[in-house]
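Colleague: sequence first, then the predicted structure:
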2 protein chains.
Amino acid sequence: MSLTSNGNEVLGNRLLAALPPDAYERLRPHLEPIAFSLGEVVYESGAQMGYVYFPTTSHISLLYTMIDGSTAEMGLVGQEGIVGIALFMGGETTPNRAMVQGGGAAFRMKSVAMLDEFKRGGEFQHLLLRYTQALITQISQTAVCNRLHSVEQRLCRWLLMTHDLAQTDELQMTHEFISNMLGVRREGVTVAAQRLQEKGMISYVRGHIQILDRPELLSHVCECYEVVKSEHARLLG
Amino acid sequence: MSLTSNGNEVLGNRLLAALPPDAYERLRPHLEPIAFSLGEVVYESGAQMGYVYFPTTSHISLLYTMIDGSTAEMGLVGQEGIVGIALFMGGETTPNRAMVQGGGAAFRMKSVAMLDEFKRGGEFQHLLLRYTQALITQISQTAVCNRLHSVEQRLCRWLLMTHDLAQTDELQMTHEFISNMLGVRREGVTVAAQRLQEKGMISYVRGHIQILDRPELLSHVCECYEVVKSEHARLLG
DNA sequence: TGGCGTCTGTGCGTTTATGCACAAATAGGG
DNA sequence: CCCTATTTGTGCATAAACGCACAGACGCCA
């Protein structure tokens, strides 16, 4: 089993990969490989969390659902992160839902094991807190972006973020799905996606989106993409 | 000097008030009372932070400024919190600006002193992390609220949040100021404020807003206000 | 008390997104 | 291979917010 070839390797998650040897050895027995499939709900809003998750090839959306059923994404977690920060932050639950947005592999760990290592106060704690700050930046930027930028710009941003996390140029998702992430109507996504397709940046059919011209997407996206990306790089190397 | 009568008392900040006696004694020598005046910039985006701040009667907005100069608020910190979470989260800086939104008192502490106590891993750390999670909820909710709710609803929410932090029914702020917080045009705020005034919830003149009918404001606000409030209560008691 | 700068009110036309209704295209199972 | 559920395309009336322009109102200070 190679270290990087696929998601079944622990070090495919960058938080785990960044651990010093002693911490890694303590945690390794508690890591359990799992497969996430598209659409699966990882945490329900307000539910107790028995495990935390370290995605490798999968990625997970953090969503909020309003009383009237409308939803919007607040953050996106992939191989650079962990799902379940509320546990070590001391809240036990969050009012958010976590849903698989790209199927693939991950590792899970019992909450207790994670907390034991966290409480040692070493590099593991340090890494998790820095990651949490990067996530805060992402959520903050989403708040501002939602307020100030157009659907088309936000779609570009979302496609780029997703493309960064996916290992392929072909993303599997419908306009309907994307509309729930961006918090807009399905038709709004269709119209925006058409424009991107006309300009040759993407092409799509029935739930499959091809990223054709990433540089062009980058030139159409709002500044938010770069802010989040560089802050992640700064904090997590 | 009474414990609660004014902002010059350390225990006016709820994080400090919740500390166990030993931690409190260690921190007390490092606490320095200061006065914040309206509009003052506490942290500039990306700047090094020499101090953290514990507001008592003041409150501070966390803002993001776009390249084109438009701004929006992502969070609001008052006597229940601390300004400068990036320090203990390990990031040292954030891409946000922190600005005084309601003048008043606060305590500041040198970063080093705060970090020393944080690294002990006791109740102080625990409190700060729980507070940070509450702040994450607030930011998340702002992200979703910005996407899904009207200016009028968001204005209600913002007035209620501010009213919770202020010790008075009279808020000192112009429509222009509020527009920078909500990320909308000044005229949009004027129109929305007019409607609230017509319905008798508030009254205002030239930079002074009176909260007249809080229950009515509560009946017009979106669910976001309650979500954030109850999550704060759950996490911070 | 007069003047000036700040704050608020108002009226456009325009843009962006919504809600709804329904048509067209496509994939996959029976 | 057809049928059906899903996905995407399109049109249109409406609503919300924007950008701009300028008028009026208020308060402070000279």
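Modeller: Alright, I've got the coordinates. Residues are numbered from 1 along each chain as shown, chains lettered A, B, ... in the order given.
Colleague: wasn't residue A:171 part of a strand?
Modeller: Yes - under DSSP: H, G, I helix; E, B strand; the rest coil, residue A:171 sits within a strand.
Colleague: confidence score at it?
Modeller: For residue A:171, the pLDDT comes out at 96.
Colleague: what bridges to the residue nearest to it when sequence neighbours are not counted?
Modeller: Spatial nearest neighbour of residue A:171, excluding adjacent residues (Cβ to Cβ, 6 or more residues apart in numbering or on different chains): residue A:209 at 4.5 Å. All C-beta spots, glycine's among them, are computed from the backbone N, C-alpha and C. Taking DSSP bridges as the rule, residue A:209 bridges to residue A:171, residue A:204.
Colleague: next one: residue A:209 from residue B:198, what distance?
Modeller: 47 Å (Cβ to Cβ, to the nearest Å).
Colleague: between the two, who's got more neighbours?
Modeller: residue A:209 (23 against 9; other Cβ atoms under 10 Å in any protein chain shown).
Colleague: retrieve the pLDDT associated with the more buried one.
Modeller: 97.
Colleague: for it, give me its contacts.
Modeller: A:159, A:170-173, A:193, A:202-203 (Cβ atoms under 8 Å, 6 or more residues apart in numbering or on different chains).
Colleague: in ChimeraX, select just the buried ones from these.
Modeller: One line in ChimeraX is enough to select the buried ones among these; burial here means 16 or more other Cβ atoms under 10 Å in any protein chain shown:
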select /A:159,171,173,193,202
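Colleague: near DNA strand C too, which of the contacts of residue A:209?
Modeller: Applying Cβ under 7 Å from any atom of the strand, the subset of these adjacent to DNA strand C is empty.
Colleague: distance to residue B:140 added to the contacts of residue A:209, as a markdown table?
Modeller: Formatted as a markdown table, the contacts of residue A:209 follow (distance: Cβ to Cβ, whole Å):
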| residue | distance to residue B:140 |
| --- | --- |
| A:159 | 22 |
| A:170 | 30 |
| A:171 | 24 |
| A:172 | 26 |
| A:173 | 22 |
| A:193 | 26 |
| A:202 | 28 |
| A:203 | 33 |
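Colleague: return the closest of the contacts of residue A:209 with respect to DNA strand D.
Modeller: Checking those against DNA strand D with Cβ to the nearest atom of the strand, the nearest one is residue A:193 at 5.9 Å.
Colleague: what's the mean pLDDT across the helix or strand that closest one falls within?
Modeller: Assigned by DSSP states H and E, residue A:193 belongs to helix A:186-198. Across helix A:186-198, pLDDT averages out at 97.
Colleague: OK, contacts around residue A:106?
Modeller: Counted by Cβ under 8 Å, 6+ apart, residue A:106 has contacts A:7, A:13, A:33-36, A:53-58.
Colleague: for it, report the pLDDT, please.
Modeller: pLDDT, read off for residue A:106, is 97.
Colleague: surely it is in a helix?
Modeller: No - secondary structure of residue A:106 (three-state DSSP): strand, not part of a helix.
Colleague: that one pairs with what?
Modeller: residue A:34, residue A:55.
Colleague: how far away is it from chain B?
Modeller: 22 Å (Cβ to the nearest Cβ, to the nearest Å).
Colleague: how much space between residue A:79 and residue A:12?
Modeller: 6 Å.
Colleague: overlap in contacts of those two?
Modeller: Joint contacts of residue A:79 and residue A:12 (Cβ under 8 Å, 6+ apart) are A:56-57.
Colleague: the longest helix along chain A near DNA strand C at all?
Modeller: Assignment by DSSP state H gives helix A:123-148 as the longest helix of chain A. No - Helix A:123-148 is not in contact with DNA strand C by Cβ under 7 Å from any atom of the strand; minimum separation 10.1 Å.
Colleague: give me the residues contacting the helix or strand following that helix.
Modeller: As assigned by DSSP H and E, the chain's next helix or strand after helix A:123-148 is helix A:151-165. The contact list for helix A:151-165, computed with Cβ under 8 Å, 6+ apart, reads A:59, A:73, A:76, A:78-79, A:101-102, A:145-146, A:149, A:169, A:171, A:173, A:178, A:181-182, A:184, A:188-189, A:191-193, A:195-196, A:201-202, A:209, A:211, A:214, A:217-218, A:220-222, A:224-225, A:228-229.
Colleague: same thing but at 7 Å, please
Modeller: Helix A:151-165 has contacts (Cβ atoms under 7 Å, 6 or more residues apart in numbering or on different chains) with A:59, A:76, A:78, A:102, A:145, A:171, A:178, A:181-182, A:184, A:188-189, A:192-193, A:195-196, A:202, A:211, A:214, A:217-218, A:220-222, A:224-225.
Colleague: list only buried entries from those.
Modeller: Here the buried ones among the contacts of helix A:151-165, as counted with 16+ other Cβ under 10 Å, turn out to be A:59, A:76, A:78, A:102, A:145, A:171, A:178, A:181-182, A:184, A:188-189, A:192-193, A:196, A:202, A:211, A:217, A:220-222, A:224-225.
Colleague: residues of chain A that sit close to chain B?
Modeller: Counting by Cβ under 7 Å from any Cβ of the partner chain, the residues of chain A close to chain B are A:64, A:66-67, A:70, A:72, A:74, A:86, A:89-91, A:95-96, A:119, A:121, A:126, A:129-130, A:132-133, A:136-137, A:139-140, A:142-144, A:146-148, A:183, A:223, A:227, A:231, A:235.
Colleague: PyMOL command to pick out the buried ones of those residues?
Modeller: Buried subset of those, written as a PyMOL selection, criterion 16+ other Cβ under 10 Å:
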select buried, chain A and resi 64+66+70+72+74+86+89+90+91+95+96+129+130+132+133+136+137+139+140+142+143+144+146+147+148+183+223+227+231+235
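Colleague: still on that earlier bit, for the contacts of residue A:209, which one is nearest residue B:29?
Modeller: Closest approach to residue B:29 among the contacts of residue A:209 (Cβ to Cβ): residue A:159, at 52.8 Å.
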